[in-house]
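Peer 1: With the input below, show me the fold.
(2 chains)
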Amino acid sequence: MVMPKREPTKLVPVPSTNIIPERDVDKSPILECRHLGIDFGGLTAVNEFNMAIGRTEIAGLIGPNGAGKTTVFNLLTKVYQPTRGTILLDGVDTHSMNTVQVNKAGIARTFQNIRLFNNLTVEDNVKLGLHNHISYGMWQGLFRLPGYWKGERVAHERAMELLSIFDMAHLASAKAGSLPYGAQRRLEIVRALATNPSLLLLDEPAAGMNPSETAELMENIVKIRDTFQIAILLIEHDMSLVMGICEGICVLNFGQIIAKGTPDEIQADPAVIEAYLGKQKEG
Amino acid sequence: MKKINKNSLNGFINYGIVIAAFVVLQLLLNRGALSNSLQSLLVPTCCYIVMAVSLNLTVGILGELSLGHAGFMSLGAFSGITAAIALQGLIPSPALRLAAALLVGGLVGAIGGVIIGVPVLRLRGDYLAIVTLAFGEIIKNVIMVLYIGVDEKGLHVAMSEAGLHLAEGGVTIVKGPMGAVNVPKLASFTAGFLLILVTLLVVQNLVSSRSGRAIMALRDNRIAAESVGINVTKYKLMAFVTSAALAGAAGALFGLNYSSTVSSKFDFNTSILVLVFVVLGGLGSIRGSVIAAALLYVLPELLRQFKLAEYRMLIYAIILILVMLCTNNPMLKQLMDNTIGKFKKQPAAAEKGGAQ
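Peer 2: Have a look, this model is predicted:
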């Protein structure tokens, strides 16, 4: 796997116990979770989740199956309302927002089980991501007023530009549901990017991809961060991807954070090794 | 650069089919080649085409099952009739009065759509179907006991004839269970044709615009649509209300085609009939709805002309079942695809019944 050479990241503490990359430290973190938690009935799915993500950080959220990783994503995007704690997006409390408002405020996501608009074309899927950035209204569309033509032209150009990040421009008129699995995953990322987020949440972006596709995806994730200057938080089981591109990693087990740090620190952490491999027998 | 994409090409073909059908029928009418019974079917067929296309917006494009579409037709019919009679003095020209009546019908349909849509669109699937069904029945029964009259002071609405308190020279328009009586027959085939064109324009332009994309996104994946910032309630309501407004206009045209109309005409069976047109024409296919509505509405009347007249509804039912079986048969589908594929090599060949 050939990755572009990067400077080793140094993580430094910001106010509270969180750590973010050194280059982002004089700016406020894009996302900060404080004491975040949710209960489903009597079951505590996530508890005391504290995390900060720097403005241009690629962060990873890992942990064994059922650790609560996707639940954290659902809390951040307000699919679930948290039972406890605060989410600060760019310093703004998202307490009263719903999913749509959180997206407008700057969080976009992909899904673990792909959720595309299967009966629409690839281009329309991306244009739906651009929905809130196309300005014409229903009447302009109904009567084909100049605003419609202008809006659609801008949307078309922007959609093509975004698709070309993943070399998908030639698939623009194909039905999204007919794409191969890997391409569907990439399209979901493009659609999320189209909403112009400041934080991109990727839920297992490399699931079902072969090693060469994964390598390409890694390059693309770094490219997205560098081009758009946004923060990315990803859930992934593929350790080569997580250790390869994530600067800060957060390990979750049974809804609790058990370790935080750089890839090297995480790999050496006894609590993480125990969570993944089990405890070594005494003696 | 304006390029003609597949969607707008499909739209143009639909306009072409409707215009061609109108021209042919108009020629036949002028030649006197259409029997009286067929002539009397022209306007209702237009109404049902509009109903089918508008219901397709709710069922096929928004993806929500509505079983109360006839309720909006009923609202449109009675408000359209009322407007046509009440505006008699104000607008002497019958054509303009018809246009005004259609507008009023559409408007009242839209208002009904908002009233029913706001609470109901929070429901999903079967629950929405049940509530819309109930809505259709409620409208029917409310109009059954409604009396509307007009005199020089304006409109009077009451629950009994005596309650109207009409002044000298006032006219009762809607008489409770007897329905609307002495209705001026303003409707014409040309008006029906124009209404179909307007409906196609509205639905097709809506579908291929930003709003239409959002509506289809809700159908395909609501959770994903929310995650990219699409306001679910707004776009559901937009589709539902547009659909109701078009049904209202169709109802007004329908009502003004007969000298009297009773509200029990717009019952559950009518809703289901329109739904049958939509399903057999293909969910989401505008052209399918137009063709299915036209053929299936005229079919029972055509069967009347044969010797088997008593069995016509039986034959109609069998034909519906056959169409359903055939459109779901993989072998026949393959065969159709192959034939259409051959046609498609010649660019001008417009194959009907194709998915839009």
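Peer 1: ranges for the strands of the stretch 151-283 of chain A?
Peer 2: A:199-203, A:231-235, A:248-253, A:256-261 (DSSP state E, counting those that start in this stretch).
Peer 1: Which of these sits closest to chain B?
Peer 2: Nearest to chain B, of all these, is strand A:199-203, at 9.5 Å by Cβ to the nearest Cβ. Every C-beta, even on glycine, is put in place using the N, C-alpha and C of the backbone.
Peer 1: Stretch B:189-198 near chain A at all?
Peer 2: No - judged by Cβ under 8 Å from any Cβ of the partner chain, stretch B:189-198 stays clear of chain A, getting no closer than 10.7 Å.
Peer 1: List the buried residues of that stretch.
Peer 2: Using 16 or more other Cβ atoms under 10 Å in any protein chain shown as the test for burial, stretch B:189-198 gives B:F189, B:A191, B:G192, B:F193, B:L194, B:L195, B:I196.
Peer 1: Just the mean pLDDT for it, thanks.
Peer 2: Averaging pLDDT along stretch B:189-198 gives 96.
Peer 1: tell me how far it is from the chain's mean position?
Peer 2: 12 Å (Cα atoms, centre = their mean, to the nearest Å).
Peer 1: Give me the three-state assignment for B:L67.
Peer 2: coil (DSSP: H, G, I helix; E, B strand; the rest coil).
Peer 1: wait, what's in contact with it?
Peer 2: B:A129, B:I130, B:T132, B:L133, B:G136, B:F268, B:S271, B:I272, B:L275 (Cβ atoms under 8 Å, 6 or more residues apart in numbering or on different chains).
Peer 1: Now, of those, which are buried?
Peer 2: B:A129, B:T132, B:L133, B:G136, B:S271, B:L275.
Peer 1: and the residue of the stretch 51-200 of chain B nearest chain A?
Peer 2: Counting by Cβ to the nearest Cβ, the stretch 51-200 of chain B gets nearest chain A through B:G63, at 9.8 Å.
Peer 1: secondary structure element for the residue lying closest to that residue once chain neighbours are set aside?
Peer 2: Leaving aside its sequence neighbours, B:G63 sits nearest to B:R219 (Cβ to Cβ, 6 or more residues apart in numbering or on different chains; 3.2 Å). Taking DSSP states H and E as the definition, B:R219 sits inside helix B:210-220.
Peer 1: who does that helix touch, helix- and strand-wise?
Peer 2: Packing partners of helix B:210-220 (3 or more Cβ pairs under 8 Å, 6 or more residues apart in numbering or on different chains; DSSP states H and E): helix A:122-129, helix A:138-142, helix A:146-165, helix B:189-207, helix B:222-227, helix B:232-255.
Peer 1: I'd like the next helix or strand past whichever strand or helix holds B:S40.
Peer 2: Per DSSP H and E, B:S40 falls inside helix B:36-56. Downstream of helix B:36-56, the next assigned helix or strand under DSSP H and E is helix B:69-86.
Peer 1: if we can go back for a sec, now the angle from the helix holding B:R219 to helix B:232-255?
Peer 2: Put simply, helix B:210-220 runs at 100 degrees to helix B:232-255, going by axes from the mean of the first three to the mean of the last three Cα atoms, to 10 degrees.
Peer 1: Run a quick neighbour tally on the residue nearest to A:S28 when sequence neighbours are not counted.
Peer 2: In space, and not counting its chain neighbours, A:S28 is closest to A:G91: 5.6 Å by Cβ to Cβ, 6+ apart. Residue neighbour count, defined by other Cβ atoms under 10 Å in any protein chain shown, stands at 10 for A:G91.
Peer 1: go on, B:G105?
Peer 2: Here the number of neighbours of B:G105 (other Cβ under 10 Å) works out to 34.
Peer 1: quick one: it and B:A249 touch, right?
Peer 2: Yes - counting by Cβ atoms under 8 Å, B:G105 does reach B:A249; the two are 5.1 Å apart.
Peer 1: who are the neighbours in contact with the residue of the stretch 1-150 of chain A found nearest chain B?
Peer 2: Nearest residue of the stretch 1-150 of chain A to chain B (Cβ to the nearest Cβ) works out as A:G141 at 2.8 Å. When contacts are counted by Cβ under 8 Å, 6+ apart, A:G141 touches A:Y148, B:N205, B:L206, B:S209, B:R210, B:S211, B:G212.
Peer 1: give me the number of residues near the fifth one?
Peer 2: B:R210 has 25 neighbours, counted by other Cβ under 10 Å.
Peer 1: just to revisit the earlier point, surely the residue nearest to B:G63 and B:I61 touch.
Peer 2: Yes - using Cβ under 8 Å, B:R219 is in contact with B:I61, at 6.7 Å.
Peer 1: just to revisit the earlier point, just the closest of the contacts of B:L67 to A:N65, please.
Peer 2: B:A129 (38.1 Å; Cβ to Cβ).
Peer 1: ok, so what distance separates that closest one from B:M324?
Peer 2: Distance from B:A129 to B:M324, counting by Cβ to Cβ, to the nearest Å: 19 Å.
Peer 1: Could you say which helix or strand holds B:H156?
Peer 2: strand B:154-158.
Peer 1: Which positions in the following helix or strand past that strand come out as buried?
Peer 2: Helices and strands here follow DSSP H and E; after strand B:154-158, the next one along the chain is strand B:171-175. Buried residues in strand B:171-175, counted by 16+ other Cβ under 10 Å: B:T172, B:I173, B:V174, B:K175.
Peer 1: How about stretch B:14-25?
Peer 2: Buried-residue list, stretch B:14-25, by 16+ other Cβ under 10 Å: B:N14, B:I17, B:V18, B:A21, B:F22, B:L25.
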